[in-house]
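Colleague: structure for the following, please:
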Amino acid sequence: MLGLTLKYAPSMELRQVANTLWGMGRNGIKLHQSQREQIQAALLAAIPVTDPTDLAMSAQGLVFTAKKLGLSLTPDAIQYLHNCVLTMPQGQGRQRPATALAQTLYDIQCMGYQPTAVEAGKWEQRLLERLPTQGGASSQDDQSWVFLALSSCRNYTPAPNVKARLKVLAEGLPQGCSPGLRSRTLLACKNWGVTFAPGVAKPLERRYKR
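Modeller: Sure thing, here's the model as predicted:
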């Protein structure tokens, strides 16, 4: 698969390359420097000429893959990806669009792009309006990704009611919730300086220990 990808990547559509690389990233495939450079060159050539809507739909897999495989995209390419995801329709047909968007935003930030204050405000609107209203484990997982992504935006200041929602999430986590859910929620709390009532903080911190 890797050999064929390297051979045909320059002539493949971005979505095809992203889907192939997604599988490679999920399977833990390691790249040599020369292979990494070939794939990076193909991606950097494809990103500016890909339809923005198609690019937005491929962005989640693309940024996940770039992070997993250690690919380096230019700041301009990362910003362009960010802008496509923020401004183009995305998530139709997805079972959990809030999580998909939040994961993409978080990965883009990990790759070095920080949204402006205006952009962060738009992200808040897009993400919070997509959160499911029903409770349960999937709702808590969605919230943890949304709050992690927003709390990682250095130019975003949450309103008191947003921090209050995060506090409710943290204090309501069950004992048996997943380590990922716990760690994302705790990191968001630390990023925003969310504090807890006396008698709640210590048990909560113990619950977060891995």
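Colleague: hey, let's count contacts and neighbours off CA atoms from now on
Modeller: OK.
Colleague: nearest the middle, which residue of this structure would you pick?
Modeller: With the centre of the chain defined as its mean C-alpha position, the nearest residue by CA atoms, centre = their mean is residue 103, 1.9 Å away.
Colleague: who are the contact partners of that residue?
Modeller: Residue 103 makes contacts with 60, 145, 146, 149, as judged by CA atoms under 8 Å, 6 or more residues apart in numbering.
Colleague: tell me the most packed of those, by neighbour count.
Modeller: Taking other CA atoms under 10 Å to define a neighbour, the member of the contacts of residue 103 with the most is residue 146, carrying 30 neighbours.
Colleague: and the helix ranked longest in the chain, what's buried?
Modeller: Scanning the chain for the helix with the most residues, using DSSP state H, yields helix 52-69. The neighbour-count check on helix 52-69 (16 or more other CA atoms under 10 Å) flags 52, 54-69 as buried.
Colleague: re earlier: helix or strand for the residue nearest to the centre of the chain, which one?
Modeller: Applying DSSP states H and E as the criterion places residue 103 in helix 97-110.
Colleague: do a quick rundown of the helices in the chain.
Modeller: Taking DSSP H as the criterion, the chain carries its helices at 2-8, 14-26, 33-46, 52-69, 75-87, 97-110, 117-130, 137-151, 160-171, 179-192, 201-208.
Colleague: residue 69 touches residue 31, doesn't it?
Modeller: Yes - counting by CA atoms under 8 Å, residue 69 touches residue 31, with 7.0 Å between them.
Colleague: ok, residue 67 - contacts?
Modeller: Counted by CA under 8 Å, 6+ apart, residue 67 has contacts 107, 111.
Colleague: residue 85 touches residue 56, doesn't it?
Modeller: Yes - using CA under 8 Å, residue 85 makes contact with residue 56 at a distance of 4.6 Å.
Colleague: pLDDT-wise, which helix or strand of this protein ranks last?
Modeller: helix 2-8 (a mean of 45; mean pLDDT, DSSP states H and E).
Colleague: could you tell me how many residues sit around residue 76?
Modeller: Neighbour count for residue 76, taken as other CA under 10 Å: 12.
Colleague: just residue 117 next, same as before
Modeller: Neighbours around residue 117, by other CA under 10 Å: 14.
Colleague: who touches it in this structure?
Modeller: Counting by CA under 8 Å, 6+ apart, residue 117 has contacts 155, 156.
Colleague: quick one: low-confidence parts of the chain?
Modeller: 1-29, 89-95, 132-137, 198-210 (pLDDT under 70).
Colleague: how about the contacts made by the residue nearest to residue 36 when sequence neighbours are not counted?
Modeller: Setting aside the residues directly before and after it, residue 36 is nearest to residue 71 in space (CA to CA, 6 or more residues apart in numbering), at 6.4 Å. Under the criterion of CA under 8 Å, 6+ apart, the neighbours of residue 71 are 36, 37, 40, 65.
Colleague: identify the residues contacting the second one.
Modeller: Read that as residue 37. residue 71.
Colleague: gap between it and residue 43?
Modeller: 10 Å (CA to CA, to the nearest Å).
Colleague: common neighbours of these two, please.
Modeller: Between them, residue 37 and residue 43 share no contacting residue under CA under 8 Å, 6+ apart.
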